[in-house]
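Student: got a predicted structure here, sequence first:
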Amino acid sequence: MTVALERPAIAAAKPARRRRSSIGVVTPYLQSAPLALILGAFLLLPIIMIVVVSFWDYDFAAMYPDFLTTNYSDVLGSWVTWKTYLNTIKFAAIVWALTLFIGFWVAYFLAFHIRTTAMQMVLFLVCTVPFLTSNIIRMISWIPVLGRNGLINSTLVHLGLVPKPIEWLLYSEFAVVLAMVHLYTLFMVTPIFNTLMRIDRSLVEAARDAGASGWQVLWNVIIPLAKPGMAIGTIFVVTLVMADFSTVQVMSGGQSASVALMMKNQMSLLQYPAAAANAVVLLVLVLLMVAGILRIVDIRREL
Amino acid sequence: MTNTSKTKTGISRRSLLKTGAAAVGLAAGSGVITGFPTIWAQSNITLRQFGTGVSNLNAIADKCKADLGITLEMTATDSDAAAQRAVTQPDSYDIADIEYWICKKVFPTGVLQPMDVSKLKYYDELVPLFKTGKLTPDSVIAQGTAPHTVGYVEAQDSKTFAKAPTNWFTMVPTIYNADTLGIRPDLVGRDITTWADIMDPAFKGKTAILNIPSIGIMDAAMIMEATGNIKYADKGNMTKDEIDKTIDFLIKAKQAGQFRAFWKSFDESVNLMASGEVVIQSMWSPAVAAVRSKGIACRFQPLKEGYRSWGGGLGLAAHLKGAELDAAYEYINWYTSGWVGGYLNRQGYYSANMVSAKKFMSEDEWGYWIEGKPAKGEIKAPDGTVMEKAGAVRDGGSFEERMGKVACWNSVMDEDRYMVKRWNEFIAS
């Protein structure tokens, strides 16, 4: 409504302003130029190049500018691709559900059960401590824990709980999911914690005054208000899992495939156009997923 | 401040280059200096060498600088990247340190120049394996890209490989070895005699093969043939049908849970073996040594079907000429003159010039590494760490026993692209 009312006024003011100075007109462009240049040079241009290269021809040594659709028909026509995409989406779904569950409760505990802001910040920083080491190290350190002669198995065997070591702990899909949940939960905790902190506490009081039980407050007040944070966390986790290759490679012992791992294999064999075609397909898929998330939850309310 | 200092370095580097170039010109022009080493010492000549990493050793660069005054700039890549770089960036290197199967891909593109055999001081001493394909006159030529098949071209400007030795050598062989399966003798619980043993149901979930398609397929072929499922015409150059059969066999084994993992890098293979995750797997000899150095029993088990072998050499970039070309020859002659050979032999690889390498090894070292005799004292690696105690015998025995039983060389197939595609299916399955 306000917008509609203001519009004639702006229209009236416009000619006058234009006459006053042309600087006023270019200012917004100037202001957005730095970001536009950076995004253009480091995001848009590379993506355009990837798209262009995905149509090229290649052999072991070089790429040849061309317009071929064989790279795409190879990618989309092979059962390996479909199986790999399904596998990757499966990982994404499992990891998403687990990180959302764990992430929400960690954030909830931090936001509602820790009384002082100082303590909240201290505990939140404690959550980020593992990030001081590299991704790879956090992942690889699972190997001596889960291995056939690792900590868990030797303890179980020692206690007589299992007759022989459990094989599926390492080099299995279980290991992949475990490592991913470990690596990515914080990406869920942070945005959810942020939204939970912004929830007006008087809303909770009002709900209680109106006779809502603890679960009703949680379900009808807190979770709906935390949705933007969950959506942002979901975008982080889903894109990270979809693009992961090292975790899948290391934790599955090369037994399991992921889309990014398939691309990495192609690149190491210098089949760049094939990898580019794969990258475009993955990009489209991930963008569709993000668009889907944004349709369900309006994250702009958050910003 | 930063700006000024930057400019300064730029200028000084440039002037240094100028002076260097002038010195080369002067030296070459005046003809005052006759001995090569003196020239190199004065002109600071640099050779850029890139390669697959096995022999890109700092110790070699240091020794080369000390002996010849030539600075070696080394770059290590994996083999696929090496093949690509050799072809697409021919001006970025002077010496290509590549494997023979890469040479098969690269040499026909004209980025390397053949070597004049008469300029190679130690040509006559080179192991005949690289000239005729036979280690001894009565040995059988192995399948795959055997080095001698891509070792010569017809003429200086020719790009097609010659069938018999000529005066034009494509690469000087430097380093090679015979690979087989590594086992944990304490965990396998029986004698391992054949490549087929990796498929024994007793080792279900305790085996691994390497996930580098061009090499993994060869190991798979050795296994497949040993199980009696197929007889390849040439393991190193399979037909589509043979590739299909091999990959289907692997997929079946994978789905039955025969494999614990597929490794891609050296340290992965070491960890798999050392932790006991696998008890039998494809392996490389330095990885076996690395497991053993942790005090864990590990054998590079000789198998009745023979070894899968690989070999590398040094090739000259096509753009080399004049003083640089002379320096490159000088470097290659130095490389085969013994010090490097002894160094490589002591790492468990083989030198292509055994005659000169022997002079740089102790009698005990020669006996252990090359003759397959029990070590009399401690056997030490070039860096001084103890590799074997007195009494140890090398797995597989002597040089002749090991290199004489090569069944197949690493190779590049005509159906390479199809093989890679199917290999990816195997990993994804």
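Tutor: That came through fine.
Student: neighbours around residue 169, how many?
Tutor: Looking at chain A here, since you left the chain open. By other C-beta atoms under 10 Å in any protein chain shown, the residues close to residue A:169 number 19. Every residue, glycine included, has its C-beta placed from N, CA and C.
Student: sorry, I should have been clearer: chain B.
Tutor: 25.
Student: pretty sure it sits against residue B:150.
Tutor: No - in this structure, residue B:169 is not within contact of residue B:150 by C-beta atoms under 8 Å, at 10.7 Å.
Student: the nearest residue to residue B:268 once chain neighbours are set aside: what's it in contact with?
Tutor: In this structure, residue B:268 finds its nearest non-sequential neighbour in residue B:261, 7.7 Å apart by C-beta to C-beta, 6 or more residues apart in numbering or on different chains. Residue B:261 makes contact with A:171, A:253-255, B:208, B:268, B:272, B:277-278, according to C-beta atoms under 8 Å, 6 or more residues apart in numbering or on different chains.
Student: which of these lies closest to residue B:47?
Tutor: Taking C-beta to C-beta as the measure, residue B:47 lies nearest residue B:268 of the contacts of residue B:261, at 32.7 Å.
Student: circling back to that earlier point, the residue nearest to residue B:268 is in what secondary structure piece?
Tutor: In the assignment (DSSP states H and E), residue B:261 maps to strand B:259-263.
Student: need the CA coordinates for the following helix or strand past that strand. PDB is fine.
Tutor: Downstream of strand B:259-263, the first helix or strand assigned by DSSP H and E is helix B:266-274. Extracted in PDB, the C-alpha atoms of helix B:266-274 (Å, rounded to 0.1, in the frame of the first residue of the first chain):
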ATOM      1  CA  PHE B 266      50.900 -44.700  -2.100                       C
ATOM      2  CA  ASP B 267      50.100 -43.900   1.600                       C
ATOM      3  CA  GLU B 268      46.600 -45.300   1.400                       C
ATOM      4  CA  SER B 269      48.100 -48.600   0.300                       C
ATOM      5  CA  VAL B 270      50.600 -48.500   3.200                       C
ATOM      6  CA  ASN B 271      47.800 -47.700   5.800                       C
ATOM      7  CA  LEU B 272      45.500 -50.400   4.500                       C
ATOM      8  CA  MET B 273      48.300 -53.000   4.900                       C
ATOM      9  CA  ALA B 274      49.700 -51.700   8.100                       C
END
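Student: strands paired with the strand holding residue B:261, and their directions?
Tutor: Strand pairing for strand B:259-263, using DSSP bridges, gives strand B:207-210 (parallel).
Student: count of neighbours near the nearest residue to residue B:173 once chain neighbours are set aside?
Tutor: Spatially, and ignoring its direct neighbours in sequence, residue B:173 is nearest to residue B:352 (3.8 Å; C-beta to C-beta, 6+ apart). A total of 26 residues lie near residue B:352 under the criterion other C-beta under 10 Å.
Student: how about stretch B:371-379, which residues are buried there?
Tutor: B:372-373, B:375, B:379 (16 or more other C-beta atoms under 10 Å in any protein chain shown).
Student: picking that back up, the residue nearest to residue B:268 pairs with what?
Tutor: Residue B:261 has the following beta-bridge partners by DSSP bridges: residue B:208.
Student: avg pLDDT for stretch B:104-119?
Tutor: Averaged across stretch B:104-119, the pLDDT comes to 92.
Student: close to chain A, is it?
Tutor: Yes - remark: stretch B:104-119 sits within contact range of chain A at B:105, B:109, by C-beta under 8 Å from any C-beta of the partner chain.
Student: how far off centre is that stretch?
Tutor: Relative to its chain's centre, stretch B:104-119 lies at 18 Å (C-alpha atoms, centre = their mean, to the nearest Å).
Student: contacting residues around that stretch?
Tutor: The contact list for stretch B:104-119 (C-beta under 8 Å, 6+ apart) reads A:60-61, B:83, B:86-87, B:90, B:96, B:98, B:103, B:123, B:145, B:149-150, B:152-153, B:156, B:158-161, B:166-172, B:315-318, B:320, B:329, B:332, B:411-412.
Student: what's the answer for stretch A:274-287, then?
Tutor: Outside of stretch A:274-287, the residues within contact range by C-beta under 8 Å, 6+ apart are A:47, A:50-51, A:53-56, A:58, A:71-72, A:74-76, A:81, A:85, A:238-239, A:242-243, A:259-260, A:262-264, A:266-267.
Student: just the buried residues from the residues you listed, in PyMOL please.
Tutor: Restricted to buried positions by 16+ other C-beta under 10 Å, the PyMOL selection for the contacts of stretch A:274-287 reads:
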select buried, chain A and resi 50+53+54+55+56+58+71+72+74+75+81+85+238+239+242+243+259+260+262+263+264+266+267
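Student: just the ones in helices from the contacts of stretch A:274-287, please.
Tutor: Using DSSP state H to define helices, the subset of those located there is A:47, A:50-51, A:53, A:71-72, A:74-76, A:81, A:85, A:238-239, A:242, A:259-260, A:262-264, A:266-267.
Student: intersect the residues you listed with the contacts of chain B.
Tutor: Answer for the ones in helices among the contacts of stretch A:274-287 near chain B (C-beta under 8 Å from any C-beta): A:262, A:266.
Student: any regions of chain B where pLDDT drops low?
Tutor: The model of chain B has pLDDT under 70 over residues B:1-43, B:53.
Student: where does it get nearest to chain A, which residue?
Tutor: Proximity to chain A, evaluated over chain B using C-beta to the nearest C-beta, is greatest for residue B:261 at 2.8 Å.
Student: list the residues that contact the residue nearest to residue B:173.
Tutor: By C-beta under 8 Å, 6+ apart, the contact set of residue B:352 is B:126-127, B:130, B:172-176, B:313, B:336, B:341.
Student: among those, which lie within strands?
Tutor: Among the contacts of residue B:352, the ones falling in strands (DSSP state E) are B:172-176, B:313.
Student: turn those residues into JSON lines, columns for neighbour count and distance to residue A:187.
Tutor: Listed next are the ones in strands among the contacts of residue B:352 as JSON lines, based on neighbours: other C-beta atoms under 10 Å in any protein chain shown; distance: C-beta to C-beta, whole Å:
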{"residue": "B:172", "neighbour count": "24", "distance to residue A:187": "54"}
{"residue": "B:173", "neighbour count": "24", "distance to residue A:187": "52"}
{"residue": "B:174", "neighbour count": "26", "distance to residue A:187": "49"}
{"residue": "B:175", "neighbour count": "26", "distance to residue A:187": "46"}
{"residue": "B:176", "neighbour count": "26", "distance to residue A:187": "49"}
{"residue": "B:313", "neighbour count": "28", "distance to residue A:187": "49"}
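Student: phi, psi of residue B:338?
Tutor: According to degrees, to the nearest 10, the main-chain angles of residue B:338 amount to phi 130, psi -50.
Student: geometric centre of chain A: which residue is closest?
Tutor: residue A:236 (2.0 Å; C-alpha atoms, centre = their mean).
Student: need the nearest residue in space to that residue, chain neighbours excluded.
Tutor: Distances taken as C-beta to C-beta, 6+ apart put residue A:187 closest to residue A:236, at 4.0 Å, once the chain neighbours are dropped.
Student: packing partners of the helix or strand harbouring the one you found?
Tutor: Following DSSP H and E, one finds residue A:187 within helix A:173-198. On a contact count with 3 or more C-beta pairs under 8 Å, 6 or more residues apart in numbering or on different chains; DSSP states H and E, helix A:173-198 meets helix A:79-108, helix A:117-128, helix A:135-140, helix A:223-242, helix A:246-251.
Student: mind putting these in TSV, mean pLDDT included?
Tutor: Formatted as TSV, those follow (pLDDT from 0 to 100):
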stretch	mean pLDDT
helix A:79-108	93
helix A:117-128	90
helix A:135-140	86
helix A:223-242	93
helix A:246-251	88
